[in-house]
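Trainee: have a look at this prediction, sequence included:
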Amino acid sequence: MPRTGSFSRAGRRLLSRRRGRWMIWALAPAAASWMGCHHAGGGIGELRAPVPETPGILQRNGHVEFVWASGSDPSKGKIEAFLPDGRRFRGSFVHPRTVQRLSSYDLYWGAGGGPWSAASPWYPWSGGHFTTHYGGTALAHLEARDGTRMRCEFTLYRPDAGLAGGGQGDCQLSTNEEVFDAVLHERS
């Protein structure tokens with residue numbers, strides 16, 4: 001019978017086989033804080049590969065694990081993917097957004113005259129402020145050491161929070177493999 005707090009024989013075998021991945025998952029929050037990262041997380045998806053001599057048919061090949069981190073700006077950062085056959089992809093992600101001066105809306109705020117004219121806006125207005133419009137997706141480009149590329153698109157659950165708000169999407173590899181239903185989340 002194993003001692004309290006120790007791993008079973010099967011657990012030790014699993015950890016030794018996947019030691020690199022286990023260490024990354026276990027150390028991700030600490031590494032993120034040491035590197036000055038404000039947001040870090042992970043996720044999982046399903047790898048599917050084309051079946052030889054059967055066009056359009058994909059077979060399941062296991063799970064893909066993701067680890068990501070960003071600084072104080074959650075709209076961009078680094079991302080890694082670990083495939084079940086040991087391939088490792090590294091790259092970056094970006095959450096496209098636009099920043100616009102609020103003064104460009106003056107035409108709309110001042111329209112109509114009367115109590116809502118430019119001379120009497122709805123609330124005190126300095127005209128020098130900015131507003132940010134968040135897109136609903138995050139894009140990632142990753143590459144393995146052998147030059148194989150992966151591109152991903154994630155639909156964000158909470159676009160204003162970037163990947164920290166979670167997301168779900170798919171990836172394509174330059175080898176015609178695909179990652180389906182990848183779900184990303186922030187680590188707590």
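Mentor: Now that the structure is in, tell me what you want to look at.

Trainee: by mean pLDDT, flag the weakest helix or strand of the chain.
Mentor: helix 9-17 (a mean of 38; mean pLDDT, DSSP states H and E).

Trainee: where does pLDDT dip in this protein?
Mentor: Scanning the chain for pLDDT under 70 picks out 1-37, 98-133, 188.

Trainee: what about the strands in it?
Mentor: According to DSSP state E, the chain carries its strands in the segments 39-50, 58-70, 76-82, 88-94, 97-101, 130-134, 137-144, 149-156, 167-173, 178-186.

Trainee: tabulate those strands (CSV), appending mean neighbour count.
Mentor: (Each C-beta comes from the backbone N, C-alpha and C, glycine too.) CSV is the format used below for these (neighbours: other Cβ atoms under 10 Å):
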stretch, mean neighbour count
strand 39-50, 20
strand 58-70, 19
strand 76-82, 21
strand 88-94, 18
strand 97-101, 11
strand 130-134, 12
strand 137-144, 19
strand 149-156, 19
strand 167-173, 20
strand 178-186, 19
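
Trainee: roughly how far apart are residue 75 and residue 185?
Mentor: Separation of residue 75 from residue 185 (Cβ to Cβ, to the nearest Å): 17 Å.

Trainee: how about the nearest residue to residue 187 once chain neighbours are set aside, what does it touch?
Mentor: Distances taken as Cβ to Cβ, 6 or more residues apart in numbering put residue 41 closest to residue 187, at 4.8 Å, once the chain neighbours are dropped. Each residue near residue 41 by Cβ atoms under 8 Å, 6 or more residues apart in numbering is listed here: 28, 67-69, 163-164, 184-187.

Trainee: does residue 159 touch residue 75 like I think?
Mentor: No: taking Cβ atoms under 8 Å as the definition, residue 159 is not a contact partner of residue 75, at 9.5 Å.

Trainee: the more surrounded of those two?
Mentor: residue 75 (21 against 18; other Cβ atoms under 10 Å).

Trainee: so who does the more buried one touch?
Mentor: Contact partners of residue 75, counting by Cβ under 8 Å, 6+ apart, are 94-95, 97, 134, 162.

Trainee: if we use 7 Å, what do you get?
Mentor: 94-95, 97, 162 (Cβ atoms under 7 Å, 6 or more residues apart in numbering).

Trainee: count of residues packed around the nearest residue in space to it that is not next to it in sequence?
Mentor: Spatial nearest neighbour of residue 75, excluding adjacent residues (Cβ to Cβ, 6+ apart): residue 95 at 4.0 Å. Residues lying near residue 95 (other Cβ under 10 Å) number 27.

Trainee: quick check, residue 81 in contact with residue 142.
Mentor: Yes: using Cβ atoms under 7 Å, residue 81 is in contact with residue 142, at 5.8 Å.
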